[in-house]
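Peer 1: Have a look at this prediction, sequence included:
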Amino acid sequence: MDKEFLSLEVPLFFGRYLIHRGIINEQELAEAIKVQMELNACYICTVLELELISIEDLIRCRRYQREQAVSFETALSALNLLTSEEFHKLDEVVGKNHTRIGDILVKQGRLTQEELDQVLQEHQENGFFA
C-alpha cells in the first residue's frame, strides 16, 4: 500500500488492515466478504425465517419498495405489516446474526483465534490507522 496514502491517516477497515499486514491477500478477503454478505441476516430473510409475514405480504412489500424507492423496513412500516414488538424482535435477531469478517477468516482456517485476537488488538490500538 502506498506510504503517502497511509500518511493521510485514512482509517483502514479491518479486512484492509489484514491485507496491509500481509496476513491475508485480496482474494481471501473477497471470499470472506462474499460469505459474510450471505451469512449476515437481512430483514427480508429474517422476517420470513421468523414467519412474521406471509409470502403474499412480502410480495406487496417488495412492490411498495420498488414503487416508492424506500427501504424494506420503511415499506413494512408503511404497510403496517409488523407491530412495534415484531420490529423490535426483528432488529434484535438481525443484530445478533451479524457475522464479523475475522470470525469467518478463523472458521476458514486463514488465521487462528489467537492471531485474530492479537491483530484486532493491534488494529484498535493503532486507532484504525496503519
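Peer 2: That came through fine.
Peer 1: which element is residue 22 on?
Peer 2: Using DSSP states H and E, residue 22 sits within no helix or strand.
Peer 1: which residues does it contact?
Peer 2: Contacts of residue 22 were listed using C-beta atoms under 8 Å, 6 or more residues apart in numbering, and none were found. Using the backbone N, CA and C atoms, a C-beta is placed for each residue, glycine as well.
Peer 1: Look up how far residue 48 lies from it.
Peer 2: From residue 22 over to residue 48 the distance is 41 Å, taken as C-beta to C-beta, to the nearest Å.
Peer 1: And for residue 57?
Peer 2: From residue 57 across to residue 48, the span is 10 Å (C-beta to C-beta).
Peer 1: where do the helices sit along this structure?
Peer 2: For the chain, applying DSSP state H gives helices covering 3-7, 14-20, 26-39, 43-49, 55-68, 72-78, 84-96, 101-107, 113-125.
Peer 1: got TSV for those helices, with mean pLDDT too?
Peer 2: TSV is the format used below for the helices of the chain (pLDDT from 0 to 100):
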stretch	mean pLDDT
helix 3-7	47
helix 14-20	90
helix 26-39	91
helix 43-49	89
helix 55-68	96
helix 72-78	94
helix 84-96	91
helix 101-107	95
helix 113-125	92
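Peer 1: Switch the ones you listed over to JSON lines; also include mean neighbour count.
Peer 2: Output for the helices of the chain, formatted as JSON lines (neighbours: other C-beta atoms under 10 Å):
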{"stretch": "helix 3-7", "mean neighbour count": "9"}
{"stretch": "helix 14-20", "mean neighbour count": "18"}
{"stretch": "helix 26-39", "mean neighbour count": "14"}
{"stretch": "helix 43-49", "mean neighbour count": "17"}
{"stretch": "helix 55-68", "mean neighbour count": "14"}
{"stretch": "helix 72-78", "mean neighbour count": "17"}
{"stretch": "helix 84-96", "mean neighbour count": "13"}
{"stretch": "helix 101-107", "mean neighbour count": "18"}
{"stretch": "helix 113-125", "mean neighbour count": "13"}
